[in-house]
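Engineer: Have a look; sequence and predicted model below, questions after that.
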Amino acid sequence: MEVCRTIESVRDMVGKARGEGKRIGLAPTMGALHIGHVSLLRRAAEECDFVVVSIFVNPTQFGPGEDFDNYPRPFDRDLDICRKSGVDIVFAPTAGIMYPDENLTWVEVEKLTEPLCGMSRTGHFRGVTTVCAKLFNIVLPDAAYFGLKDAQQAAVIKKMVADLNMALEIVVCPTVREANGLAVSSRNKYLSETQREEASKIYASLLKCEELIAGGETNSSKIVRQMREILDEIAGGEVEYVEIVDAGTLAKVETVKGSVLAAVALKLGRARLIDNIVCRIIQPEAQ
Ligand code: AMP
């Protein structure tokens, strides 16, 4: 496994692999790797011949007052995890390499970035799409791997790739959870043991949604009310949103039909936690 610090070196090595006819997979990350990331790396290693991981805490996707400075950066541990997960190249640029001059060119996906996390994290998705477009241009992967844990991000990236005719496949992998159901996240490091237990109620609220929909409930407001009752039990938790949206457009739905995304964001201590679940309603067959 090689660690590349410059754009030239990663382009050079990936270019050689491409020249040998290898399929290139990329998993963009901000490091502090955990089993959720590893699931992406393993999938990439299964489906591709050459796996690139980027580790870059991207400053342009953090807003003022967010945790950019405190974001965990356990780089040596990350390298160990990559080595054990079949990674060929770790691309770990500095901010100066990725943004050498004032950045004047931004990639912005409209509409999909407005609801959910877009309501409170102004500019966040613009930073994500811009850095992913840059990484795609640097690595030129055949496929890039993202987690469903960040469902809105995955939808936004897919739309960018489609709208800009980028020649790669976006693969979205299932959310990896801790034993108690809490979605694994680099930000779980900010939680105490007690808070981690409390935070498992986020998943409990999503399962409640799934159960209600499976039982035939289609009224979103009623579902959200019951989810909220569970979320309100989280000691010290502050719900930012709990919503049921169309899984494709991310627009709020009043009546559940087709595929919907139930999504939650909640602040707990120093952490802002997000999670979601996709529910499909089976339409009765037309007579
Ligand atoms: P991050 O390092 O948080 O930017 O995440 C990098 C990638 O890993 C994103 O595509 C995330 O959606 C994905 N990811 C993070 N946590 C999980 C998880 N628990 N399960 C699956 N994928 C995840």
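Structural biologist: Perfect, I can see it now.
Engineer: Now the longest helix seen in the chain: buried residues?
Structural biologist: With secondary structure taken from DSSP state H, the chain has its longest helix at helix 193-214. Of all the residues in helix 193-214, those buried under the rule 16 or more other Cβ atoms under 10 Å are 195, 198-206, 208-209, 212-213. (Each C-beta comes from the backbone N, C-alpha and C, glycine too.)
Engineer: what do you get for stretch 76-86?
Structural biologist: Going by 16+ other Cβ under 10 Å, stretch 76-86 has these buried residues: 78-79, 81-82, 85-86.
Engineer: Next, format those as CSV and append pLDDT, distance to the ligand and secondary structure.
Structural biologist: Output for the buried residues of stretch 76-86, formatted as CSV (pLDDT from 0 to 100; distance: Cβ to the nearest ligand atom, whole Å; DSSP: H, G, I helix; E, B strand; the rest coil):
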residue, pLDDT, distance to the ligand, secondary structure
78, 98, 10, helix
79, 98, 15, helix
81, 98, 12, helix
82, 98, 13, helix
85, 97, 13, coil
86, 95, 16, coil
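Engineer: which intervals of the chain have sub-threshold pLDDT?
Structural biologist: Low-confidence segments of the chain, defined by pLDDT under 70: 283-287.
Engineer: Check which helices and strands the helix or strand following the longest helix of the chain is in contact with.
Structural biologist: Once helix 193-214 ends, the next helix or strand along the chain (criterion: DSSP states H and E) is helix 220-231. Judged by 3 or more Cβ pairs under 8 Å, 6 or more residues apart in numbering; DSSP states H and E, helix 220-231 is in contact with helix 193-214, strand 237-246, strand 259-268.
Engineer: Go again with 6 Å.
Structural biologist: Of the remaining helices and strands, those touching helix 220-231 by 3 or more Cβ pairs under 6 Å, 6 or more residues apart in numbering; DSSP states H and E are helix 193-214, strand 237-246.
Engineer: List the contacts of residue 234.
Structural biologist: Contact analysis of residue 234 by Cβ atoms under 6 Å, 6 or more residues apart in numbering lists 198, 201.
Engineer: tell me what the longest helix of the chain is packed against?
Structural biologist: helix 220-231, strand 259-268, strand 271-280.
Engineer: Tally up the residues packed near the closest residue to residue 119 other than its chain neighbours, please.
Structural biologist: Closest residue in space to residue 119, ignoring its immediate chain neighbours: residue 241 at 6.9 Å, by Cβ to Cβ, 6 or more residues apart in numbering. Counted with other Cβ atoms under 10 Å, the neighbours of residue 241 add up to 16.
Engineer: Distance from the chain centre to stretch 19-35, please.
Structural biologist: 15 Å (Cα atoms, centre = their mean, to the nearest Å).
Engineer: My reading is that residue 15 lies in a strand. Confirm?
Structural biologist: No - using DSSP: H, G, I helix; E, B strand; the rest coil, the secondary structure at residue 15 is helix, not a strand.
Engineer: what about it, neighbour count?
Structural biologist: By other Cβ under 10 Å, 11 other residues sit near residue 15.
Engineer: just residue 246 next, same as before
Structural biologist: Using other Cβ under 10 Å, residue 246 has 15 other residues around it.
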